[in-house]
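[1] what follows is a protein structure lacking sequence information:
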């Protein structure tokens, strides 16, 4: 049965059950897609083909055009409303977050005229998914602010993550929280080598244990620990193994004497 | 806590059954034969080492005014109250190692994955099921026991309660060095 | 500030204990009585031992030299090599090889003892022993190339004994009974270099190999373990079985009674416990002599009640239909009934705690073997040259003790079960084929036609770690439900007999349709008791007969068959498991061998071995799941043989 619906103000006739995406075929109304292919079942994976539909009471909601069937006589559909653009922006944001090195996505963002102010703009290093955990950990959690998130860099197409190697205390938290391992910490020959996103480096000389002489801590991290403890930190110049040994010696004192 | 761990060092035979049981108790499966096949192998939270010729398991003492709690930037290390264990919320741990550097007894270390700290939790999960801590249950020579506080007070006086939650026989020498 | 406790209640709970897994009523009652009396028992000691050492369970502990003792950390943080440099695989394999040798040594030494006595008898030095089955004597003697024509039994027996004894000291060649195995197995063993050369040699070599710095490679170690096991299964055990048949007669189907309820308030109760029929048959003969019975009556008893425990019970049961008081795990409970006047023991599986339990009562624990001594027991050593005389001395001690029995402290659980035992490879022939056409044909045809799915051997010990015997019952019920005919030995057989599975009635209550039909037609129970643990060699020869009869596989590895020891305890069980695996049988153990600490060794045992010897190990503690592992395996074999689908459908 044929229905009359309105898309962006234009009235068209379609069969009941046709999807909105199918409905605009051949017309000069463009609904962008990414995961849709005429030869395959629609999958609603990319969320790019969002459109806004209106019900009888005039309430609007966003839906995916590839799978939304036309069922109601007089249905209103909008393909370029504010809500639609917002939805497409969100979809692209999340795609870019997972695949920031895909140029094609950047092109689509441009093509769709979708400005993405919240999202990082610009190519990111291999493996970095721009989750921002390193910056949040170093700055907000630890208050060291060696790694920061520079929003102003967004508009210039640069990487918004910044590191000041000289401010790094060498605690290794950024490497620990990085989900993709693109921040590296390597301890070797008394030096801690930090590498951020394959782009920046720092070398921190480690401190030797006052007891056994093994390299055991970054001075900056040790200073932070001392700062945060109320009162003094016993045996702070000794490595954990020596501290444990001392504790064991005290605890077995009674047996040996 | 009505009971706590009491260690008698001279009974320790250095068999490391406590380490094995601790690792199993903190594994995914909680069962020996499966635990040894897990992807990220579990690790014990306590270590048995020899001092002179006396082996000794060194536990986290669950200090009353724990330095690890003081330095933790995310409040992952926390004590819910006096006389309670210090527990690390692994979700919150960012692997900064400040607690490792702060612990006066060197009982903390990062796990083999390098992202989270290994912290004795006094087997809080097992306690909730009415079981003893795994190390106490496993110790074949009763070097590690899980005893009522009053019984420990009888042997050690009650001075230890101000400083730690775990007691070693004759712990006085350690107390004078703790905290402040 | 309110104190919030992380744990609300700290009531320490008692987790389920081993004794809570006991299903047999008599065992339960017996244990209650033991607890009431306050005596030590195996279940209480098991709990005290918990938790058992994880390193030991995994096989990662080595005490072979003074560089140690060593342990490998299965979590990878501590030592990964022993002080000598051994890896987990080396340690695990060395330990397993030593245990195999120890187990094989028991069976083979038992065999040696039998042969030695046969020699003494043949030379007129042990007049109390006789040839019980001249026909079997000749059959076996012929296999050893002994001249038969025109010679009397004694001469033949002497030569046979000498030939068998020689095999214990043999240094090269092959053990004689290897020839009994199907061609396929013989070829495999020779190709792999594991055909057993000499009985004692194989064991000594394992002790050598497992010494520090000798054999450190697990394939090599485990091959030697297989060879040692084969020197037991197709060697020492088989010799023990055959010589027992020769001396005491071949068993034939017999009705008997089992469980603690066979002890009697009105008679002198003499329990024979251990393994070697040289002792138990003599004790029985002594107890049946008129002078001893007279003595008992003088003391006020109505007679002398000889009952058995453990494997020697099986020996007496199979040949004499003597009642069985219980299995390994019930041994202390028998004494705790307060009704046992003498417990007479020889070797293997006898708990050192027996004299301690006996102290609570009037019971005399009497050890008889030079190799088996117990603190607190009286030692009256059996001298084969005066066997009956010594046996009478022992019975006399029992009758004396009866005089000290306190009837008010006697609590015998009123539990008794009938059973049929006494099946052997030879008499199954006749049962299956009838008097005039002894043959395995009906069994094979039953398998081919899909009435019988296959055959399973369920054997071994009972263990508080599992279900104190009831795991056997659960497994066997599941197997016969699925039309698998079950052959049993040892304490496993006793557990199933206790549960009533060895009565003809069991066929209708528990067996599947197809199995029911065969059992009904042929007149056998679905579960056949083949004897003691050395009589596991009967399962080997029965399997060989099935192969010879044809149609169900060209060698043992092709048979629709499987084996299991769901509650294994002893090192002997390990040796038995190995000789079945090495003979091509899929074998399931109820708790793992102590090998899980080395994944490569575990993989080798539970997977790769099948491609090498046709058999492999599996570990499963749930007896029903284990039964299904066996059923699945049997189905696989059926498919490979293109046998007809099961007549009464699949479950």
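    Everything's here; your move. Predicted, not measured: the structure shown is a model, and the values here were computed from it. Numbering: from 1, shown residues only, chains lettered A, B, ... in the order given.

[2] which residues touch residue A:147?
    A:134, A:135, A:137, A:138, A:139, A:161, A:162, A:163, A:174, A:196 (CB atoms under 8 Å, 6 or more residues apart in numbering or on different chains). All C-beta spots, glycine's among them, are computed from the backbone N, C-alpha and C.

[3] ok, the last one touching residue A:183?
    Read it as residue A:196. Yes: taking CB atoms under 8 Å as the definition, residue A:196 is a contact partner of residue A:183 at 5.3 Å.

[4] now list whatever residues contact both of the two.
    With CB under 8 Å, 6+ apart, residue A:196 and residue A:183 have common neighbours A:134, A:174.

[5] what is the helix or strand containing residue B:4 packed up against?
    Taking DSSP states H and E as the definition, residue B:4 sits inside strand B:3-7. Judged by 3 or more CB pairs under 8 Å, 6 or more residues apart in numbering or on different chains; DSSP states H and E, the packing partners of strand B:3-7 are strand B:144-148, helix B:149-156, strand B:167-168.

[6] count of residues packed around residue B:28?
    12 (other CB atoms under 10 Å in any protein chain shown).

[7] count of neighbours near the residue nearest to it when sequence neighbours are not counted?
    Leaving aside its sequence neighbours, residue B:28 sits nearest to residue B:38 (CB to CB, 6 or more residues apart in numbering or on different chains; 5.3 Å). When counting by other CB under 10 Å, one arrives at 12 neighbours for residue B:38.

[8] hang on, residue B:38 is in a strand, isn't it?
    No: counting by DSSP: H, G, I helix; E, B strand; the rest coil, residue B:38 falls outside a strand, being coil.

[9] quick check: it touching residue B:31?
    No: under the criterion of CB under 8 Å, residue B:38 makes no contact with residue B:31, lying 10.4 Å away.

[10] low pLDDT regions in the stretch 301-450 of chain C?
    C:434-437 (pLDDT under 70).

[11] got the residue ranges for the strands in it?
    For the stretch 301-450 of chain C, the strands defined by DSSP state E, counting those that start in this stretch occupy C:304-309, C:324-326, C:342-345, C:364-367, C:378-379, C:417-421.

[12] nearest to residue B:91, of those?
    strand C:324-326 (55.7 Å; CB to CB).

[13] helices and strands around the closest one, which ones?
    strand C:254-258, strand C:304-309, helix C:310-320, helix C:331-336, helix C:490-498.

[14] over in chain B, which residue gets nearest chain C? Let me know.
    residue B:130 (3.7 Å; CB to the nearest CB).

[15] quick one, the strand or helix carrying residue A:244 and strand B:3-7 angle?
    Element membership for residue A:244 (DSSP H and E) is helix A:240-251. Here helix A:240-251 runs at an angle of 90 degrees relative to strand B:3-7 (axes from the mean of the first three to the mean of the last three CA atoms, to 10 degrees).

[16] residues making contact with helix A:240-251?
    Identification of contacts with helix A:240-251 by CB under 8 Å, 6+ apart yields A:209-212, A:214, A:216, A:235, A:238, B:7, B:9, B:47, B:49, B:51, B:56, B:58, B:100-101, B:103-109, B:168, B:170-171, B:173-174, B:177.

[17] of those, buried ones?
    Neighbour counting over those (16 or more other CB atoms under 10 Å in any protein chain shown) leaves A:209, A:211, A:216, A:235, A:238, B:7, B:9, B:47, B:51, B:56, B:58, B:100-101, B:103-109, B:168, B:170-171, B:174 as the buried ones.

[18] and whatever helix or strand residue B:125 lives in, what's buried?
    Assigned by DSSP H and E, residue B:125 belongs to helix B:124-128. Residues of helix B:124-128 classed as buried by neighbour count (16+ other CB under 10 Å): B:126, B:127.

[19] so how far is that helix from its chain's centroid?
    14 Å (CA atoms, centre = their mean, to the nearest Å).

[20] next secondary structure element downstream of that helix?
    Following helix B:124-128 in sequence, per DSSP H and E, is helix B:134-138.

[21] quick one: the strands in chain B?
    Using DSSP state E, the strands of chain B run over B:3-7, B:47-51, B:54-58, B:77-79, B:86-88, B:109-110, B:117-118, B:144-148, B:167-168.

[22] go on, the stretch 51-200 of chain A?
    Going by DSSP E, counting those that start in this stretch, the stretch 51-200 of chain A shows strands at A:60-64, A:76-78, A:147-149, A:161-163, A:183-188, A:191-196, A:200-205.

[23] just the stretch 151-300 of chain C next, same as before
    Going by DSSP E, counting those that start in this stretch, the stretch 151-300 of chain C shows strands at C:254-258, C:268-273.

[24] and residue C:300, how many residues sit next to it?
    The burial count for residue C:300: 10, using other CB under 10 Å.

[25] that should have said residue C:382, apologies.
    There are 22 residues near residue C:382, going by other CB under 10 Å.

[26] how near is the nearest residue to it once chain neighbours are set aside to chain A?
    Computed as CB to CB, 6+ apart, the closest residue to residue C:382 that is not its neighbour in sequence is residue C:368, at 4.5 Å. As judged by CB to the nearest CB, to the nearest Å, residue C:368 and chain A stand 49 Å apart.

[27] who's in contact with residue C:368?
    Contacts of residue C:368 (CB under 8 Å, 6+ apart): C:279, C:344, C:345, C:346, C:379, C:380, C:381, C:382, C:390, C:394.

[28] write the PyMOL selection for whichever of the residues you listed are buried.
    If you want just the buried ones from these in PyMOL, going by 16+ other CB under 10 Å, the selection is:
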select buried, chain C and resi 279+344+345+346+380+382+390+394
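
[29] right, and the pair among the contacts of residue C:368 with maximum separation?
    C:345 and C:390 (14.2 Å).

[30] what parts of the stretch 1-150 of chain A come near chain B?
    A:137, A:141, A:142, A:143 (CB under 8 Å from any CB of the partner chain).

[31] separate out the buried members of those.
    A:137, A:141, A:142.

[32] now those residues in CSV, with pLDDT?
    Formatted as CSV, those follow (pLDDT from 0 to 100):
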residue, pLDDT
A:137, 91
A:141, 91
A:142, 93
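
[33] check contacts around residue C:521.
    Residue C:521 touches residue C:442, counting by CB under 8 Å, 6+ apart.

[34] the closest residue to chain A within chain B: how many residues sit nearby?
    Nearest residue of chain B to chain A (CB to the nearest CB) works out as residue B:95 at 2.7 Å. Using other CB under 10 Å, residue B:95 is surrounded by 24 other residues.

[35] so how far is residue A:251 from it?
    29 Å (CB to CB, to the nearest Å).

[36] again, but for residue B:100
    Residue B:100 is 20 Å from residue A:251, by CB to CB.

[37] ok, now residue C:34?
    Taken as CB to CB, the span from residue C:34 to residue A:251 is 43 Å.

[38] what does residue C:633 give?
    Taking CB to CB, one finds residue C:633 at 55 Å from residue A:251.

[39] if I look at the residue nearest to residue A:15 when sequence neighbours are not counted, how far off is residue B:39?
    Closest residue in space to residue A:15, ignoring its immediate chain neighbours: residue A:2 at 5.9 Å, by CB to CB, 6+ apart. Residue A:2 sits 59 Å away from residue B:39, going by CB to CB.

[40] just checking, residue C:376 touches residue C:357?
    No: in this structure residue C:376 lies outside contact range of residue C:357 using CB under 8 Å: 9.8 Å.

[41] flag every residue of the stretch 51-200 of chain C that's near chain B.
    So the stretch 51-200 of chain C meets chain B at C:51, C:53-55, C:57-58, C:71, C:73-78 (CB under 8 Å from any CB).

[42] among these, which pair sits farthest apart?
    C:51 and C:76 (21.1 Å).

[43] and whichever residue of the stretch 101-250 of chain A sits closest to chain B, how far from residue A:184?
    Residue nearest to chain B within the stretch 101-250 of chain A: residue A:176 (2.7 Å; CB to the nearest CB). Computed as CB to CB, the residue A:176 to residue A:184 distance reads 11 Å.
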